[in-house]
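[1] with the sequence up front, the predicted model follows.
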Amino acid sequence: MAWNLIFWFISFCINVALLVLNFYQLLVLTDLEADYLNIYDSSSRINKLVIPEFLVQGVFCSLFLFTGHWFMFLITVPVSCYHINLFLKKEHLIDVTEVFRTLKREKYFRLAKLIFYLLLFLVVIFRIIMVAGMKSVFDSAPDDIDIRSTVLEF
């Protein structure tokens with residue numbers, strides 16, 4: 001039980017890191033669109049975070065694979081494949097000369113990834129609660145918990 005709780009806590013930390021990285025990139029793109037940042041600053045800020053985000057996502061996906069959580073692995077594989085596809089096509093970095101042409105598309109992709117990471121965050125939180133809180137309920141003796149007596153009292 002303790003190892004399972006540690007695994008889901010590590011997954012929680014990785015998911016928070018992915019949320020922060022993605023939200024910051026989306027925030028920089030929004031500032032660029034509103035003309036608060038110049039092109040070079042925003043491109044360099046985002047490009048510094050792209051490779052670490054890809055690596056963290058790959059670790060997140062492989063963590064589920066090696067621990068045998070197949071459902072979570074199958075959920076995270078499409079995003080990892082999308083990152084690999086971007087990297088192989090050499091489209092993973094923001095180009096300074098074409099940033100305004102691709103700005104809307106980049107914002108939509110990052111917003112979609114942010115929504116995906118938020119949904120994954122909810123699943124991880126649910127799993128932490130199930131492992132930490134509900135484990136004691138299921139491990140207790142049958143005499144301790146009697147649903148019939150609490151229902152029939154009312």
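    Looks like it arrived, so ask away.
[2] shaky segments in the chain?
    1, 134-154 (pLDDT under 70).
[3] check it for its longest helix and report it.
    If you go by DSSP state H, the chain has its longest helix at helix 2-33.
[4] buried sites along the following helix or strand past that helix?
    On the C-terminal side of helix 2-33, the nearest following helix or strand under DSSP states H and E is helix 39-67. Along helix 39-67, these residues count as buried under the neighbour rule (16 or more other C-beta atoms under 10 Å): 42-43, 45-46, 50, 53-54, 57, 60-61, 63-64. C-beta here means a position set from N, CA and C on the backbone, and glycine is covered the same way.
[5] residue contacts, H92?
    50-51, 54, 83, 86 (C-beta atoms under 8 Å, 6 or more residues apart in numbering).
[6] switch to 10 Å and redo it
    By C-beta atoms under 10 Å, 6 or more residues apart in numbering, H92 lies in contact with 47, 50-51, 53-54, 83-86.
[7] tabulate those residues (JSON lines), appending distance to F109.
    Shown next, in JSON lines, are the contacts of H92 (distance: C-beta to C-beta, whole Å):
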{"residue": "N47", "distance to F109": "15"}
{"residue": "V50", "distance to F109": "12"}
{"residue": "I51", "distance to F109": "16"}
{"residue": "E53", "distance to F109": "12"}
{"residue": "F54", "distance to F109": "13"}
{"residue": "H83", "distance to F109": "11"}
{"residue": "I84", "distance to F109": "15"}
{"residue": "N85", "distance to F109": "12"}
{"residue": "L86", "distance to F109": "9"}
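[8] list just the nearest of those to I6.
    I6 has its nearest neighbour among the contacts of H92 in E53, at 23.7 Å by C-beta to C-beta.
[9] on that earlier part again, so which bits of the longest helix of the chain are buried?
    Neighbour-count burial for helix 2-33 flags 4, 7-8, 11, 14-15, 17-19, 21-23, 25-26, 28-30, 32 (criterion: 16+ other C-beta under 10 Å).
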